[in-house]
Each structure stands twice: as C-alpha cells, then as structure tokens.
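**Student:** Sequence first, predicted model second:
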Amino acid sequence: MLQFKGENVLIIAPHPDDEVLGCGGLITKVKGAGGTVYVQFIVVGNTKDFSRKGRSNAKERTREIQSVMRYLRIDRYHIGFSERHHLRLDRVGQRSIMQLLERDSPVSIERVKPTIVVYPSPYSYNQDHVIVARAAHATLRPAESTTKHFVPTVLAFEVPADDWSLHHQQVPNYFVRLTQREIETKRKALTLYTSQVRPFPNPRSEQAVTALAQLRGSLCDAPFAEAFLVYRHVVA
C-alpha cells in the first residue's frame, strides 16, 4: 500500500477550490508523510455566482488561494492564465495548456519532476475541466525517460458536481483512506474559499464534500476516503 512518504505530487486544478474539493485529503496525507505538493491552477477569474454576494473577482480569489496554500503547506503553486480566459479555456487550446504543464510553468512537470500527477475528471460538465483533463492526459503520454520526465502514477480526481454529466460518470478505482483529522483539514481548507463555499445541499458545501468522502470510505473500509481514477500506476 502506498504510504506517500517521499512522494512528489503535482495537482492540476482548473480553478481555485478544485484542488481542495478533489484532493484536499490527499494533500494532507502527503504533507503529513513528509512529501511535497505543488499546485498548478490553470485560470482564476471573475464570476457572477448564484449566491447572496452575487459576484467574486480574480483578486479576491487570489487572496483566498494564498490563505489555502499556507494552510495546507503547499510547497509552491502557480496560476497559468489571466482572468479573461476563465470558462473559455477551450479558446486557449490544448497545445497552450500542454506547454504550460510540460515546461513553461515554474511547477511544470519538467521542473518539479513529480512522482504523482492528479488532474480533473474528463467527464465534468464544466468545459474548463474537460479541456484541462485532455491537455494533462496528452501531456502525460508514454515516452522514454531520456526525452522527458516519466510520471509513474497518473490519477484523475472527482468533485461532487461531476455526477451532473452528459457522459458516463468516472468510476473510481483508487482510494485514499482519510482519518477524522484529515477530513476536518479538508473541510477547513474549503471554508477558506469564502467566495466559493455554499450552504448545503449545494455540492460545494462542507456537508456534501463530507458525504462523498463517507460514501467513498464505505467502499474501502474507512470512515472517509477520496477516490480517483487511475490511468497509470507503475509498480517496481
């Protein structure tokens, strides 16, 4: 069983809060085991949300990122594209996102040499999630290690809202068990995204996130868990 000691993890998040919704427990687990965690945010934007406040802007969300990254003890993070590309990443194009992930970013695969890369489900309703998943998957294509860094473990994370999909849903086959402390850390990190967290029954609520973790835990003999789809896991 993978213990995450010494692992070097790169999480590819289309937007701020995706890394917590999908990987907050994994981040806590890796950092607790002495590993390193990098987060590549693809875009941060202004949004007109269905909430009492009604709107969040890029500056506000960037401040939230800073608070969350400090709280989770992230080793380094980077924001890839400007706010004008928010919910328009399909216009940016797969090639530009691949270049960012492969070499251009300070937390690119060639710079941080991750042992694990995690990216969003390709079955999301959100167009930014879909294009990022496709770009990340293409970036992580098999290749000889003499020409590019080979990542032995490649996972796709899930978020509660992914169940709203026109495609078949992601069926998880890789589970990370979480303790009570670890799920509480994930919940706390989510609340630091004050412009994004919502009251239940919204899928971006603390209760919905906890309920999904309990469901995934029931599939792997644990009180809580995060679940992923494994695309590659190399065993020595």
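**Tutor:** Noted; the coordinates are in hand.
**Student:** Is the residue sitting nearest the centre point of the chain in a helix, a strand, or coil?
**Tutor:** With the centre of the chain defined as its mean C-alpha position, the nearest residue by Cα atoms, centre = their mean is Glu19, 3.3 Å away. The three-state label for Glu19, taken from DSSP: H, G, I helix; E, B strand; the rest coil, comes out as helix.
**Student:** Give me the nearest residue to it, chain neighbours excluded.
**Tutor:** Taking Cβ to Cβ, 6 or more residues apart in numbering, and ignoring the residues beside it in sequence, Glu19 has Ala13 as its nearest neighbour in space, at 4.0 Å. All C-beta spots, glycine's among them, are computed from the backbone N, C-alpha and C.
**Student:** Could you report the neighbour count for that neighbour?
**Tutor:** Applying other Cβ atoms under 10 Å, we find 26 residues neighbouring Ala13.
**Student:** tell me the phi and psi of it?
**Tutor:** When quoted as degrees, to the nearest 10, the phi and psi of Ala13 stand at phi -110, psi 120.
**Student:** Equivalent analysis for Asp128, please.
**Tutor:** Recorded main-chain torsions at Asp128 are phi -60, psi -40, according to degrees, to the nearest 10.
**Student:** name the element the residue of the chain positioned farthest from its centre belongs to?
**Tutor:** If you look at how far each residue of the chain sits from its centre, by Cα atoms, centre = their mean, the farthest one is Thr146, at 28.1 Å. For Thr146, there is no enclosing helix or strand under DSSP states H and E.
**Student:** Quick check, pLDDT for it.
**Tutor:** Looking at Thr146, its pLDDT is 90.
**Student:** Phi, psi for it please.
**Tutor:** Its backbone dihedrals place Thr146 at phi -80, psi -20, with angles given as degrees, to the nearest 10.
**Student:** Distance-wise, check the residue nearest to Glu19 relative to Val68.
**Tutor:** Using Cβ to Cβ, to the nearest Å, one gets 11 Å for the distance from Ala13 to Val68.
**Student:** all helices for the protein, in order.
**Tutor:** Assigned by DSSP state H, the helices in the chain fall at 18-32, 58-72, 89-92, 94-99, 109-112, 127-139, 180-191, 206-218.
**Student:** Deepest-packed of those, please.
**Tutor:** Each of the helices of the chain was given a mean neighbour count from mean count of other Cβ atoms under 10 Å, and the largest, a mean of 25, is that of helix 18-32.
**Student:** Which of the helices of the chain has the lowest mean pLDDT?
**Tutor:** helix 89-92 (a mean of 89).
**Student:** list the helices and strands it packs on?
**Tutor:** In this structure, helix 89-92 packs against helix 127-139, with contacts taken as 3 or more Cβ pairs under 8 Å, 6 or more residues apart in numbering; DSSP states H and E.
**Student:** how about the residue nearest to the centre of the chain, what does it touch?
**Tutor:** 11, 13, 27, 39, 41 (Cβ atoms under 8 Å, 6 or more residues apart in numbering).
**Student:** and the residues you listed as a markdown table, adding distance to Glu60?
**Tutor:** A markdown table is the format used below for the contacts of Glu19 (distance: Cβ to Cβ, whole Å):
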| residue | distance to Glu60 |
| --- | --- |
| Ile11 | 22 |
| Ala13 | 17 |
| Ile27 | 22 |
| Val39 | 18 |
| Phe41 | 14 |
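**Student:** quick check, nearest of these to His233?
**Tutor:** Out of those, the one with the shortest distance to His233 is Ile11. That distance is 16.6 Å, counting by Cβ to Cβ.
**Student:** which ones are touching that closest one?
**Tutor:** Listed by Cβ under 8 Å, 6+ apart, the contact partners of Ile11 are 19, 22-23, 26-27, 37-40, 117-119, 157.
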